[in-house]
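# Kindly return the folded structure for what I paste below:
(chains A and B)
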Protein chains: 2
Amino acid sequence: MAKKYVYTFGNMAAEGDAAMKNLLGGKGANLAQMSLLKLPVPAGFTITTECCSDYYSRGCELPKELMSQVWEGMANIENIMDAKYGDKDNPLLVSCRSGARISMPGMMDTVLNIGLCSETIPGLIKQTNNERFVYDSYRRLIMMYADVVMEKAEGLPPADGEGIRKLLDNRLDSYKKEHSYKSDTDLTTEDLKLLSEEFKQIVADKLKVAFPDDAKEQLIGSIKAVFKSWMGDKAVSYRRIEKIPEDWGTAVNVQAMVFGNMGEDSATGVAFTRDPANGENRFYGEWLINAQGEDVVAGIRTPNPLNNETKNKRNENMLSLQEAMPIVYKELCNVRDTLEHWYHDMLDIEFTIQHKKLYMLQCRVGKRTGYAAVKMAMDMFHEGLIDEKTVILRVSPTQLDELLHPIFDSKQEKEKKVIGNGLPAGPGAACGKIALSSKQAVKYSAKGEHCILVREETNPEDVEGMRAADGIFTAQGGMTSHAALVARGWGKCCIVGSEDLEINNSTKEIRIGEKTFKEGDVISLNGTKGCVYEGELKMVPSSDNVIFKEFMELVSKYPTINVETNADNPVDTKQALEFGAKGTGLFRIEHMFYGEDSEVPLSIMRKMILSDADAERKHFLDELLPYMKASVKSTLKIMSGHPVTIRLMDPPLHEFTPHDEKQQEALAKEMDISLTEIKERIEALREVNPMMGIRGVRLGILYPAISEIQFRALFESEAEARAEGFDPHLEIMIPLTVSVRELNHQRAICDRVHAEVEKKTKSKINFKFGTMIEIPRATMIADKIAETVDFFSFGTNDLTQMTFGFSRDDVNAILAEYTAQKILRYDPFQSIDLSGVGKLIKLAVESGRRANPDLRIGVCGEHGGDAQSVKFFYECGIDYVSCSPFRVPLARLAAAQAAIEKWW
Amino acid sequence: MAKKYVYTFGNMAAEGDAAMKNLLGGKGANLAQMSLLKLPVPAGFTITTECCSDYYSRGCELPKELMSQVWEGMANIENIMDAKYGDKDNPLLVSCRSGARISMPGMMDTVLNIGLCSETIPGLIKQTNNERFVYDSYRRLIMMYADVVMEKAEGLPPADGEGIRKLLDNRLDSYKKEHSYKSDTDLTTEDLKLLSEEFKQIVADKLKVAFPDDAKEQLIGSIKAVFKSWMGDKAVSYRRIEKIPEDWGTAVNVQAMVFGNMGEDSATGVAFTRDPANGENRFYGEWLINAQGEDVVAGIRTPNPLNNETKNKRNENMLSLQEAMPIVYKELCNVRDTLEHWYHDMLDIEFTIQHKKLYMLQCRVGKRTGYAAVKMAMDMFHEGLIDEKTVILRVSPTQLDELLHPIFDSKQEKEKKVIGNGLPAGPGAACGKIALSSKQAVKYSAKGEHCILVREETNPEDVEGMRAADGIFTAQGGMTSHAALVARGWGKCCIVGSEDLEINNSTKEIRIGEKTFKEGDVISLNGTKGCVYEGELKMVPSSDNVIFKEFMELVSKYPTINVETNADNPVDTKQALEFGAKGTGLFRIEHMFYGEDSEVPLSIMRKMILSDADAERKHFLDELLPYMKASVKSTLKIMSGHPVTIRLMDPPLHEFTPHDEKQQEALAKEMDISLTEIKERIEALREVNPMMGIRGVRLGILYPAISEIQFRALFESEAEARAEGFDPHLEIMIPLTVSVRELNHQRAICDRVHAEVEKKTKSKINFKFGTMIEIPRATMIADKIAETVDFFSFGTNDLTQMTFGFSRDDVNAILAEYTAQKILRYDPFQSIDLSGVGKLIKLAVESGRRANPDLRIGVCGEHGGDAQSVKFFYECGIDYVSCSPFRVPLARLAAAQAAIEKWW
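All right, here's what the predicted structure looks like:
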C-alpha cells in the first residue's frame, strides 16, 4: 500500500488532529484541530513531514505516489469551497505554507495566490467583480513565486548580484515614484496590470525561464519550494540556535485562499489569547484593513489595535476591530474561548476577514516572556484550566531564568531622561553599544562586548545578530512583528515600532528623539516600559515578585534532586538561600583572593607563593589563617543547618602572581629581594599547559603546608561557629584527584589537624571528606575512590575539558567552527555531552554506588544550572547539583520537571 | 592452629624448596633447594615473608607464636651442627640475613656472628684454638649489631651527628694509625680484645644502652632488625626504581655461621656459573683468603681470581682458587654443574671455605648484561639445557634493549688515546660529566646532562646516583662488587677497580693516569673493554651481531601482536625493517619540518601559517606539495609491501613559528609585511593550553586546505610509487578525533581529492582510512568511530595526558614527587596505567570490535615499546603496536613472551 502523505481538513471535519504534530507539523495539526472544533477554517490539506524526509532521501525528488494524493486533496477542497482549481469560470486559488513540528517563524517559505494564470484571471475578475484585487494578487504571486520557487528552490541563477525579489521590489518602487504614488494602495488596476506584465518580462530576462502560466505547474513548484526551504540558510541557522534536529523535516499546508485584501470590508490580523508580554488575561492583537497576512508580520504598516482595552499611546487614535466590525470581533472572542478551553494554554492565532466573514488561518501555542509564562500558568491554575503538575511543566527553566533577569536600578532610572519610546515587546533591561547590522552585533558579542541591535525592522536574515545582541530596538513593527516574536521567544529585551528612532545607514548614525548617536555609542533599553536612555544604567536583580514566589512554592512540592549553590561570599550565599538552595555545593576557598576586600590576603598569598623557603612559606600561611577563617565562618553561619562543601585551593599558583612590573617591584621591596629575583620566581611557576599542571590536590601534595593551613581554618571555623550557636555542616572537598593515594595523603594531614584543633578548642568537630571527580581517570577508579570518601562531586567543567581535550581558555574559535559546521550539535560546556562526558559520569556513578551505597554524589560546575543537564543528572541518580545563585530556581524547576516527567 | 612461620633446612633435607620463593624469599628457597640437592649448606631456617607482613600489620611487633618456632628451628640447627647456641663450652654462632622474593643486593641488613658474648667467648676460643679469630668476630658483631639493630632498628638516637658505625670505624682507623698498622690483618689478638671493650664502651656512651651480652637477646634483636630494614630508605628507593611491591615483605634466614676468616686454609668467595658480562660458558668468580663474605662484595680488598682461565691483567699474578685449593675448587665445579643442571640457568653463588671444607651460603639466578643474557640463553638452548620457549622467556626486553645500546664509533675510538683501564663490569659506552657524588649525578641528570659517577667504590647509599648516571667508574672493587652488580642489573656501562684512578674529594679533582680532571669535565667509558678516554666520543648503534639475529629468529617463530615502527625518514625506516618491523605504524608528516633538510619546507610552512588570506595560504600549501611528496614517497617505497600509516599534521601551528626576532624579521621581509604585523600574527596563534588547543584534526577543520594538500601528497605519492614498481600500502590517520563528524568532514575532502588524483594519474589508488584514539571522549564513542573507519590506533601519550590531566611539558615536578611519595607506583608515560588509561583502552577495544569485527586496532605512542605495556595490549586483543626503530626488537620479544605465557 502506498504511504498516506496527504491529510485533509475543512468543513468541520479533518483526518488529523492536534496530537499529530510530528506527522503534520504544528500548523497542519492545529488547522485540523480547529476544523474538528468547528471553527471557520478554509478547506485544505497537509502533506506530511515524512514526505519531506522522503523528498530529501530521494535527492530532492517528490515521492511518486504523492501527486495523485495531492490531486485527491485538491478535489476535496474544490468540493467544500465550491470552486475549481485552474478553472476558467470559477477558479480556486490556494496557498502553500510550511509547518514544522515546532514553529520556526519566518524561517521557511510561503507562496500565496497559487493558481492565478492567464486562463483563470478573467474568471476570478468576473466572480469577484474586483479587477484591481485580482491583478494585485497576481503581481504578488509573481513576486513570491519568482523568488521562492524559481530562484531559491529551482536554483536559477540570481540576477546581476541581487535577488529577483529585490529587482521586482525596485521596479515597484520606481514605478510608484514615476507616478508620484505614496502607497501601494495608490496603484490603479491599470498600473497593476502593466506591472504584472513587466514583472513577467523581468523574470524571463533575468532568470532565462518564463513565469509558469499553468496552475498545476505552479502548485507542484510551490510544494517543492516549501520542502526545499527546510534546508535554507535561515532555517538551518535557526535550528542550530534552537537545537531542532534536522531530520524532523517540515510539512506543507495547501489551503484555499481567502482574501483580507478584497476591500474595506476585508482585513487580516494576528492575536494572542492573553498578553504575551505580561501574561495578563486579556485578548491582545493587531489587524490591518484590506491587507494580506504577511503585511502584519512584516511590520510594513503600523497595525490597528484589536480592542479598546489594549490600545496604547501609539495607536489610541486608530480604529479597533471591536469598533470597526463588532460582530466579527464577537465571533473572534468566541473562537478565543473555544481554543483556550480546548488547548488549556495561551494561543497565538491568525485570521482573515473576507467581506466581513471570519476565517481562521492558524493557531498555535503562543510564545511569551518568562514573566508572562509564570503569570499565565498560575492564572490558569487558579481558573481551573490546568492542574499543578501542568503548571510546573508549562514554564521552561529558561523562561524562569528570564524572569529573574536584571532590571535597571529604579532610583537611577527615575533620575535619567527618557530620550525615546517604543512598544515594550520584550521585557527586562539591556545596555550596550549600538550595532546597526547583524554582523556588527555578532562582532561585538564575539569580543565580549554588550550591544543593542538597532534596525528599521528586523527580518529572518537578522537572527544571528539578534541572538548576539543584549537588546533589540526597531523603528518599525508592532507587538507581533518579527523582532517582537523572536525577542520574546529568546527572553530578550526588545523595543519595537519607535517613532522616535531614525536610522541613517549611509552615515552610520541614528537619531533617537533629539539626540544623535554613532554606531558603537552606548544606550540602555527598558523593555518592560518601552523607554530608551542615553549611556549605561546600573542593573539590579529582579527576583522580588509575588508570582515567582507562588510558582516556586508549587515547584518545591515535587522534591527530587537537591539543588545547592556555588557561592563564596555572604551576599551570594544569602541570595541562594532566598532562591531555595539547600546548601553550598561549592565554596571555592581561593575566591577570598578575588574581588573586594581581597587586597591584603592577596598580597600575603603572593608572598607565600614566592617564598623560597618552607619556613618563610609557613609564616605567610599563618598570616593568611584569620582571613581564611573569616571567609569560611561567615558562610558556615549563613548556611547553618545545611551542608557547606569547601573545595581546597585549586588554581595554578602562577595565577596569583602579579603580572605588571609595578606590582612586582612593590612586592620585591616588601619581600626584600631584587626585582630580577621576583621575576625569576614568577617565571619558575609558569607552565606550558597550566590547566594540566600543578593545581588542585597536586598543590597540597607538593606543598603540604598549604593544605594544612586550610584544614586548620576550616576546623577552627567549624568550632567557633558551633560555639556561637550555629549548626555548621562542614564538608571538605579535594580537587583534581586522579588516585586514591592522593586522597589518603591529604586525609592524613586532615586527620592530624582535626585532632589538634579538637584538642585546642576542646570541642567535637564534625566533617565529611570527599573529592571532585573532574579528571577522566577519576571516573575510571570511582569505585576505589568511593570506598574512601563520604561524597564525591563531578566537576563537569574540567571533566568536559579533559574528555574533549578542549582548553576552555582557547576553545572559542574551535567551538564556533564546530557548531557552525554541525560537528558538534551544541556547546558541551553549556549542556552536558551525553555520549562522552555523560557516559563517563554514568559509569562513575554506577561503580561508585556499588562500592559505597551511602555515597553522596553531586555535580558542581556550569552544568548544574543547565536544565537539560539537570534532567540527565537526575536520571543518573545523582543526589544534588550545585549552581550559581541565580540559576538555583532554574535548576530546581528542571529537577521538578524531570521528576514529574519520569514518575507522574 | 598456629601459622607456620619457620621452615628448616640443612643436612641434605629441607622443609621448603626453590618453588617457594614467595613465602621463603629467594635466598631461603634456594638454601632449601641446595640442601635438597645434597650440597653442603650450613644448617638453618627461614622465617617467612608472611611473618614480615604480620610484623608490620602489628605495628612492628613480632607475632606471638613466632619465637617458639624459632627456638625449635634453633634446636634443629644445634642437632645438625653438634653445637649449642649460647653454650659455654660448645657455642653455636648464627647469621641473620634478609631475603626477599627478588634479590635486592645490599639494600637490607645482615648481622653475622650472633651469639658471641662473655658467656660463649671462652668456649669458642677453646674450641677453635684461635683467640684472634674470636675477638675479630666479636668486634665485627659489635660494629654490625650497634649499627643495624640498636641504632637503625631500635631507633636509638644517633651519636653526635654521625652514625655509630662511622664512630666505630673511625676508632678502628685511629687505632691502626696509633700503631702504624696498614691493614686489619695487622691487628693482634690483644688489639682486638682492647678494641672490643672500647667499642662496647662507645656504644654505651653514645647510645645510652649497653651492648647486649645475652645470646637470646641478640637473636631476637637481629630478627627484628632484618624485618625493619625492609622499610629502610635504601630499600624503599630501590623498590621504587625496580617497581617491587611493598607488601611482598622480606624473609629472614637464620643460619649456622661458618668462617672464612679462620686462617690461611679458610676463604670466602662469590662466583657466577657463567661469565655475567659476556655470557661465555666459563666458571667466573673471585675469592679472598681468610675473610668473611662481606669483604668480597664491599670491594675493600682486591680479590683473587677463581681459576686460571679467567685471570686478567689486574690479577694475573694472584693465586687462583684452582691453584691454591685444587680439591675444593674441583668440588665447587661439581656444585656448579649440579646447580646449572637443576636450575637450567646461570647462577650467582656465595661460598665459604672453613679449614678447607666448602660450604654453600647462597645461590640465585645471576644478574647479567643484555648481551650475556642472549648469549647464555642461546648456548643453553644448543646445550639442550632449555627449550625454545624458555630461551625467549629467559631474556627480558630490557636486556635485549641493552644489547642494542650504542657503542663508540670504532674508527674514532682507535685514534683516541686510552688514559686509564679498569675491569669491564658493565658493557656498552657512555660519555658525560664527571660527578663525584650521587647527589651531583642526580643534579646533572635532572638538568638533562649526561654524567659519569666516579667513586672510590660504591655502596647502597649511591643507588640514586648510579641510576641517574650514564656510566659508573670506580677505583676499587672487582667484577662482583656492588658497583658491578648494580650496573649489570640495570644494563649500565661500568668500569670498576681501576688502579689508574685517584680521587681527591677535598679538591674535587681526580687523576686518571697522567691526566687531572675537575668535577664537570667530560670523560668517556668503554665498559665492554674497560677503557677510559678524555672528552666525548661519537656513539653508534650496536645491532650488528650474530647472536642477536639468531635470537630474533627464534622470537619470530612465535607470531603474536604485530610490531610496526614510528619512523618518518628513510634512515629510521630502514633500521626498523632490519629489526623486523612489519610496517610503519606512525609516520608524522610534520617531521619533514624538523631536522636536516628542513630549512626550505619549514620556511614555506611558516609563510603558510602566517598568511592572512586563504588564497595566499593555498599558494604556500602548493609550494609545500613537492616536499611532502618526497618525504612520503621515500617511506612508501622502503616499506613496499607493508602498511605505512601516515598521520596528518598534528601540532599547534604556533609551534612552527619563529621565536627569535632575527628570524621574524627575515620572514617579515620575505612576506613583505612589517615586523609588528608578523609579531601580531604569531601572537594571535598563541594559546593558553596549546596541548588542548587548535591541533590535530581541528587544524584540518579550521583550515580544510591544509588537509587537502596532505591528501593530495599522499595519493600522488601512492600513484607514483606504484608506477615505479613498488607496492605501497597507504593508510591515512586522522589525529585528535573526538567525534565521528570530524572524521566525516575530513573523509569528504579525502574522497574528493582521491577521485581527482585517480583521474589525473589515471590509476587506481588504494588506501585505508583511520584515526587516532587519543582523547578520552574518543574511547567512549569507539563503537561509532569503528563503524566509519578501517582502523584505529591508540595514541597513548596524549591519552595518558588527558586521562590524568598531566601536561607532558610540565609534569616532571609532579611525577617526581608522586613517585617519591608512592602516590603513583610508576610513571604512566613509561608503562601504561592499567586502572585508568588501560580501562579506557579496554572499553574502546571491546566496543570497537563489537561494532566492526574487521577493525584493525593498534597502539602508537611511547608505550608501544614498553614491555609491560605490550603484554597488556596483547591481552586486550590489539593487533599491532608501533614504536621507535630501536625498540622494535624489544616490543617483538615482549609480544612473543606474552603469547608464550598465555598459550603455552
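
# tell me how far stretch A:296-313 is from the chain's mean position?
26 Å (CA atoms, centre = their mean, to the nearest Å).

# Let me fix that, I meant to ask about stretch A:384-394.
With CA atoms, centre = their mean, you get 22 Å for stretch A:384-394.

# now what about it, what contacts it?
The contact list for stretch A:384-394 (CB atoms under 8 Å, 6 or more residues apart in numbering or on different chains) reads A:340-341, A:344-345, A:373, A:376-378, A:380-381, A:551, A:554-555, A:557-558, A:893, A:896-897, A:900-901, A:904. No exception for glycine: its C-beta is placed from N, CA and C like everyone else's.

# give me that answer again for 10 Å
For stretch A:384-394, the external contacting residues (CB atoms under 10 Å, 6 or more residues apart in numbering or on different chains) are A:340-341, A:343-346, A:365, A:373-374, A:376-382, A:550-551, A:554-555, A:557-558, A:893, A:896-897, A:899-901, A:904.

# Just the buried positions in it, please.
By neighbour count on 16 or more other CB atoms under 10 Å in any protein chain shown, the buried set for stretch A:384-394 is A:385-386, A:389, A:391-394.

# Quick one: mean pLDDT over it.
Averaging pLDDT along stretch A:384-394 gives 94.

# follow-up on the earlier one: within reach of chain B, which of the contacts of stretch A:384-394 are there?
Counting by CB under 10 Å from any CB of the partner chain, nothing from the contacts of stretch A:384-394 sits close to chain B.

# Please narrow the buried residues of stretch A:384-394 to those residing in strands.
Within the buried residues of stretch A:384-394, no residue falls in strands by DSSP state E.

# picking that back up, from the contacts of stretch A:384-394, which would you call buried?
Here, 16+ other CB under 10 Å leaves A:340, A:343-346, A:365, A:373-374, A:376-381, A:551, A:554-555, A:558, A:893, A:896-897, A:899-900 buried among those.

# Which of those fall within helices?
A:340, A:343, A:373-374, A:376-381, A:551, A:554-555, A:893, A:896-897, A:899-900 (DSSP state H).

# ranges for the strands of the stretch 801-904 of chain A?
Under the criterion DSSP state E, counting those that start in this stretch, strands of the stretch 801-904 of chain A are mapped to A:856-860, A:880-883.

# Need those in JSON lines (columns: mean pLDDT, mean neighbour count and distance to chain B).
Shown next, in JSON lines, are those (pLDDT from 0 to 100; neighbours: other CB atoms under 10 Å in any protein chain shown; distance: least, CB to the nearest CB, whole Å):
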{"stretch": "strand A:856-860", "mean pLDDT": "96", "mean neighbour count": "26", "distance to chain B": "17"}
{"stretch": "strand A:880-883", "mean pLDDT": "94", "mean neighbour count": "29", "distance to chain B": "21"}
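
# returning to that earlier point: and the buried residues of stretch A:384-394, which is closest to A:Cys531?
Comparing the buried residues of stretch A:384-394 against A:Cys531 with CB to CB places A:Arg394 closest, at 30.1 Å.

# Report the contact partners of the residue of the stretch 201-350 of chain A found nearest chain B.
At 12.6 Å from chain B, A:Glu246 is the closest residue in the stretch 201-350 of chain A, using CB to the nearest CB. Residues in contact with A:Glu246, defined by CB under 10 Å, 6+ apart, are A:56, A:230-231, A:235-236, A:239-240, A:822, A:825.

# So among the residues you listed, which ones count as buried?
Buried among these (16+ other CB under 10 Å): A:56, A:230-231, A:235, A:239-240, A:825.

# and chain B, which of those residues contact it?
Counting by CB under 10 Å from any CB, A:Arg825 from these sit close to chain B.

# Export the buried ones among the contacts of A:Glu246 as CSV, with columns for pLDDT and secondary structure.
Below are those laid out as CSV (pLDDT from 0 to 100; DSSP: H, G, I helix; E, B strand; the rest coil):
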residue, pLDDT, secondary structure
A:Tyr56, 92, helix
A:Trp230, 93, coil
A:Met231, 91, coil
A:Ala235, 87, helix
A:Arg239, 84, helix
A:Arg240, 76, helix
A:Arg825, 83, coil
